[in-house]
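**Student:** Have a look at this fold, sequence not included:
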């Protein structure tokens, strides 16, 4: 065995697991449940970006909606409404009525709270 081959065989094997939008979404959800809203926001934004690049509509729609909820909790109501609308469009485009319904429900709650504040 050559020296280079010998060194290569001694290197630790590192398995590379691709980071999918669904994985990023799950991690962000865990951060949100742990109360780390700033980390959850970063995670949801990463999930959205990954979903946009990979063409994964369902994780994108869910991440947008969940990010809307976090933004709403932080008092960023306009951002929450915009994210809900984006989530609804994505869910409708792929024909996912459950995600569309969740987006509509979240959107209605955000708008109702905005109206109550006026």
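**Tutor:** Received, thanks. Predicted, not measured: the structure shown is a model, and the values here were computed from it.
**Student:** Against residue 104, how distant is the nearest residue to residue 32 once chain neighbours are set aside?
**Tutor:** Nearest non-adjacent residue to residue 32, counting by C-beta to C-beta, 6 or more residues apart in numbering: residue 40, 3.8 Å away. Every residue, glycine included, has its C-beta placed from N, CA and C. As judged by C-beta to C-beta, to the nearest Å, residue 40 and residue 104 stand 22 Å apart.
**Student:** ok, the two, which is more surrounded?
**Tutor:** residue 40 (23 against 17; other C-beta atoms under 10 Å).
**Student:** correct me, but that one touches residue 25?
**Tutor:** No. With contact defined as C-beta atoms under 8 Å, residue 40 does not reach residue 25; the gap is 10.5 Å.
**Student:** any shared contact partners between those two?
**Tutor:** Common contacts of residue 40 and residue 25 (C-beta atoms under 8 Å, 6 or more residues apart in numbering): residue 66.
**Student:** shaky segments in this protein?
**Tutor:** Applying pLDDT under 70 to the chain picks out residues 1-18, 114-115, 117-118.
**Student:** what's residue 83 in contact with, if anything?
**Tutor:** By C-beta under 8 Å, 6+ apart, the contact set of residue 83 is 64, 65, 67, 68, 71.
**Student:** what about the residue lying closest to residue 97 once chain neighbours are set aside, helix or strand, and which?
**Tutor:** Setting aside the residues directly before and after it, residue 97 is nearest to residue 91 in space (C-beta to C-beta, 6+ apart), at 7.8 Å. Element membership for residue 91 (DSSP states H and E) is helix 77-93.
**Student:** Downstream of that helix, the next helix or strand is which one?
**Tutor:** helix 97-117.
**Student:** Which residues does that following helix contact?
**Tutor:** Applying C-beta under 8 Å, 6+ apart, the contact partners of helix 97-117 are 58, 61-62, 64-65, 68-69, 72, 77, 80-81, 84-85, 87-88, 90-92.
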